[in-house]
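Visitor: model this:
(one chain, ligands or ions: 1)
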Amino acid sequence: MGIVAAMFCFAQVSDLHLPPLPPVPLRALASKRALGYLSWYRKRKGIHRAEVLEALVADLTELHHDHVVVTGDVTNLSLPAEYRAAAQWLHGLAPADRVSVVPGNHDAYTPVPDPGFIGDWAAFMTCDSGAQAGTFPFVRKRGPVAFIGVSSAVPSPPFMATGRIGEMQLKRLESMLDALRGSGLLRIVLLHHPPQAGAVSARRRLTDAGQFRSVLSRAGAELVLHGHAHRALVGELPGPLGPIRVLGAASATASAHAGQQSAQYHAIRVRETKETWRISAESRCYDAAKGHFIGGPVSDMDITKRVAT
Ligand SMILES: [Fe+2]
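Guide: Residues are numbered from 1 along each chain as shown. Below you'll find the model as predicted:
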């Protein structure tokens with residue numbers, strides 16, 4: 001085993017659906033938002049709790065992460081006031097170069113008015129290349145990691161929560177993964193919708209998941225992180241040199257409800273040796289009785305560094 005370098009720690013939080021919902025102007029309900037508001041009022045309002053969000057921030061602060069990634073659905077109804085409140089909340093977490101965000105379907109709930117999330121959240125999506133904010137995928141190299149942020153957030157018809165990456169992004173993603181191969185960096189792809197087949201219902205699927213999987217099977221990646229399912233998931237996708245691990249985080253603000261688990265997020269530690277990356281992903285779970293997050297199951301992976309090709 002080679003020399004052990006310093007450890008890099010980052011958190012993956014997802015599906016925050018940030019509480020509380022700001023006042024909803026009546027005119028905003030003349031769209032799919034009317035259904036979303038009804039669903040929020042009858043269901044989500046009681047699930048995504050301010051006290052869990054507070055406990056989450058306390059836990060993130062205590063654990064001193066080098067970076068935080070947010071895998072989408074920061075808002076509920078894509079209201080301009082929600083984008084602004086979310087930006088403020090994200091800025092409060094850490095300096096923007098230490099927080100990366102990819103949007104989810106709730107962040108592009110209806111055709112997004114300019115500037116929408118791209119305007120308010122630009123600082124968390126800035127690509128190292130200097131490409132214009134809102135151009136996906138973005139690449140942010142931090143410590144031993146290259147975070148590659150993909151957007152699957154597109155407006156969908158009523159009662160649907162599908163996602164789509166699109167050909168242009170997929171093409172750029174393949175070039176980026178190819179360019180980063182052999183760079184010595186751990187390539188971690190971030191997106192909201194689960195890319196593995198059957199992870200969620202057809203109504204909530206990523207419509208071009210097959211094309212995404214094809215890109216990864218050719219170009220490879222070391223890890224994929226997603227949200228959207230509101231439950232922790234572990235999966236694999238075929239890669240050029242073996243399976244690629246896929247981790248899905250549950251909602252980081254949900255209280256336990258209807259048999260569903262309470263809030264959860266991933267605390268991920270990366271230790272680099274000369275030959276491998278040792279990744280340790282801990283599931284931190286909200287304990288309602290204690291009123292804070294506690295350590296849960298840990299998933300360890302050793303990824304052999306590939307030789308540049
Ligand atoms: Fe979602």
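Visitor: flag every residue of this structure that's near the ion.
Guide: 73, 104-105, 228 (CB under 5 Å from the ion). Backbone N, C-alpha and C define where each C-beta goes, glycine included.
Visitor: let's see 6 Å
Guide: By CB under 6 Å from the ion, the residues of the chain that approach the ion are 73, 104-106, 161, 192, 228.
Visitor: the residues you listed in helices, which ones?
Guide: Residues of the residues of the chain next to the ion located in helices (DSSP state H): none.
Visitor: in strands, which of those residues fall?
Guide: Of these, none are assigned to strands by DSSP state E.
Visitor: so where is this protein shaky, pLDDT-wise?
Guide: For the chain, applying pLDDT under 70 flags the ranges 1-5, 112-116, 258-259, 306-309.
Visitor: spatially central residue in it, please.
Guide: Nearest to the mean C-alpha position of the chain, counting by CA atoms, centre = their mean, stands Thr71 at 1.3 Å.
Visitor: was I right to think that residue contacts His192?
Guide: Yes - between Thr71 and His192 there is a contact under CB atoms under 8 Å: 5.6 Å.
Visitor: show me the common contact partners of these two, please.
Guide: 14, 102, 104, 226-228 (CB atoms under 8 Å, 6 or more residues apart in numbering).
Visitor: including neighbour count and distance to Ala55, could those go into CSV?
Guide: CSV is the format used below for the shared contacts of Thr71 and His192 (neighbours: other CB atoms under 10 Å; distance: CB to CB, whole Å):
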residue, neighbour count, distance to Ala55
Ser14, 31, 16
Val102, 31, 24
Gly104, 30, 22
His226, 30, 23
Gly227, 28, 19
His228, 29, 22
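Visitor: which single one of the residues you listed is nearest to Leu29?
Guide: Distance to Leu29 across those (CB to CB) is lowest for Gly104, with 20.8 Å.
Visitor: contacting residues for the residue nearest to the closest one when sequence neighbours are not counted?
Guide: Counting by CB to CB, 6 or more residues apart in numbering, Gly104 lies nearest to Gly72, which is 2.7 Å off, once chain neighbours are set aside. By CB under 8 Å, 6+ apart, the contact set of Gly72 is 14-15, 101-107, 152-153, 191-192, 227-228.
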